[in-house]
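A.B. asks: need a 3D model of the following:
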Amino acid sequence: MRVYLLVLFVAAAVAYLTTPLARWCALRWGAITAVRERDVHAIPTPRLGGMAMFAGILVSVVMASRLPFLEGVYANPRPIVGIVGGAAMVCALGVADDIWDLDWLTKLMGQVLAAGFLVWQGVRLYQLPIGGLDSQGQVLVGGQGMWTFLTILTVVIAMNAVNFVDGLDGLAAGVLAIGGTAFFLYAYLLTHDVNSGTTFANASLAALMLIALVGACVGFLPHNVYPARIFMGDSGAMLLGFVFSAAAIVVTGQTEQVLDRQRFPAFLPMVLPVAVLLLPLLDMGLAIVRRVGTGKSPFHPDRMHLHHRLLSLGHSHRRAVAIMYVWTAVFAFGVAALYAWSTTTVLLLLAGAVVVATILTLGPLRGRAATPSLESTS
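C.D. replies: Residues are numbered from 1 along each chain as shown. Predicted coordinates for the structure are as follows:
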């Protein structure tokens, strides 16, 4: 665990120290979010925060390659090249979008290209837990073409889901830091159990990438909390979605070895990423249905995201963000707890946590309905 904490610290420190440089670049290159009718921030704000977050991830991963504890992770460099290289591609795409405001089709093509590079380097989905057809309850369904398509689709959805929820200062970075922590703990414990008795039982690529992602988010947050001095922009939102989904895909390679004592041994690695991204996925799904239902493009911006609704309920900016953090923690840690605790225990605790979160959302802490004061980026 100490090695992973070192990786987290390096990623956080690099992201924190390079964010002012990213802000300077944004001001110099004109990557500034103006105050538009749909936005809720008060003054034009620079973006490109994703550049600093990528720097944190890159430096921490390169540093980790020199640590003996993780040498087994780097024995096969292709998956690491796929994740880091693909992350560089989506970050560069996001930088271009933050500067020149690319059209949605160009961004989508770039996202597919980055996801395709990830698959080319060997990081892909390849199994689903659809029944006890073998000793692990796993079967391989379909050919490589189908799994390539599903992998690319998963990565593209994750990138856009994070982008949709990136609408309040500190929201997306905090949600991914919380959810990434829950997923890291699961990956860490899973790797320990699967590789028990080996020299480096807790070393895994998924855990490494998740803790680097968490560190980058933690380092960026002091610059991004309300009132933000810089936004992460598409360069950051797509980066976080890409790295998180890639780590989740890596974990699926371990599902066939999960211990039999789990109630949901095979499904958990696929349910947990959904739980972590539940709010972004819900927000994206509702937005698409809402916009298509009114005859508009799914990418047509509006002011009806989940965070807008919290603000309209009377929550302050900081309280709305905190509530979104609470809901993320409830579902992410609730699902991750299934690895160690019984289903009954987890469901009871989860029910209690949902009640508390609901009270915080709809209870007496609300003030008067306020005019939103931060940005909606999607």
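
A.B. asks: now the element after the helix or strand harbouring Ala26, going C-ward?
C.D. replies: Using DSSP states H and E, Ala26 sits within helix 2-29. Per DSSP H and E, the first helix or strand lying C-terminal to helix 2-29 is strand 32-33.

A.B. asks: report the mean confidence score over that next one.
C.D. replies: Taken as a whole, strand 32-33 has a mean pLDDT of 85.

A.B. asks: kindly report the same for stretch 189-200.
C.D. replies: Mean pLDDT, stretch 189-200: 65.

A.B. asks: sorry, back to before: packing partners of the helix holding Ala26?
C.D. replies: With contacts taken as 3 or more CB pairs under 8 Å, 6 or more residues apart in numbering; DSSP states H and E, helix 2-29 sits against strand 45-46, helix 49-64, helix 205-224. To be clear about C-beta, it is placed using only N, CA and C from the backbone, and glycine gets the same treatment.

A.B. asks: what lines up beside the shortest one in the sheet?
C.D. replies: Read it as strand 45-46. Under the criterion DSSP bridges, strand 45-46 sits next to strand 32-33 (antiparallel) in its sheet.

A.B. asks: please state the offset of stretch 309-317 from the chain centre?
C.D. replies: In terms of CA atoms, centre = their mean, to the nearest Å, the centre of stretch 309-317 is found 24 Å from the chain centre.

A.B. asks: for that stretch, buried residues please.
C.D. replies: Arg309, Leu310, Leu311, Leu313, His315, Ser316, His317 (16 or more other CB atoms under 10 Å).

A.B. asks: repeat that for stretch 228-240.
C.D. replies: Ala228, Ile230, Phe231, Met232, Gly233, Asp234, Ser235, Gly236, Ala237, Met238, Leu239, Leu240.

A.B. asks: report the two of these separated the most.
C.D. replies: Ala228 and Met238 (18.4 Å; CB to CB).

A.B. asks: lowest pLDDT pick from the buried residues of stretch 228-240?
C.D. replies: Among the buried residues of stretch 228-240, Ala228 has the lowest pLDDT, at 90.

A.B. asks: which SS class is the residue lying closest to that residue once chain neighbours are set aside?
C.D. replies: Leaving aside its sequence neighbours, Ala228 sits nearest to Asp169 (CB to CB, 6 or more residues apart in numbering; 3.9 Å). Following DSSP: H, G, I helix; E, B strand; the rest coil, Asp169 is assigned to coil.

A.B. asks: these two touch, right, Asp169 and Ala322?
C.D. replies: No - when contacts are counted by CB atoms under 8 Å, Asp169 is not listed as touching Ala322 (11.9 Å).

A.B. asks: if we can go back for a sec, would you list the buried residues of stretch 309-317 in JSON lines and tack on distance to Leu21?
C.D. replies: Shown next, in JSON lines, are those (distance: CB to CB, whole Å):
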{"residue": "Arg309", "distance to Leu21": "35"}
{"residue": "Leu310", "distance to Leu21": "33"}
{"residue": "Leu311", "distance to Leu21": "32"}
{"residue": "Leu313", "distance to Leu21": "38"}
{"residue": "His315", "distance to Leu21": "33"}
{"residue": "Ser316", "distance to Leu21": "31"}
{"residue": "His317", "distance to Leu21": "26"}
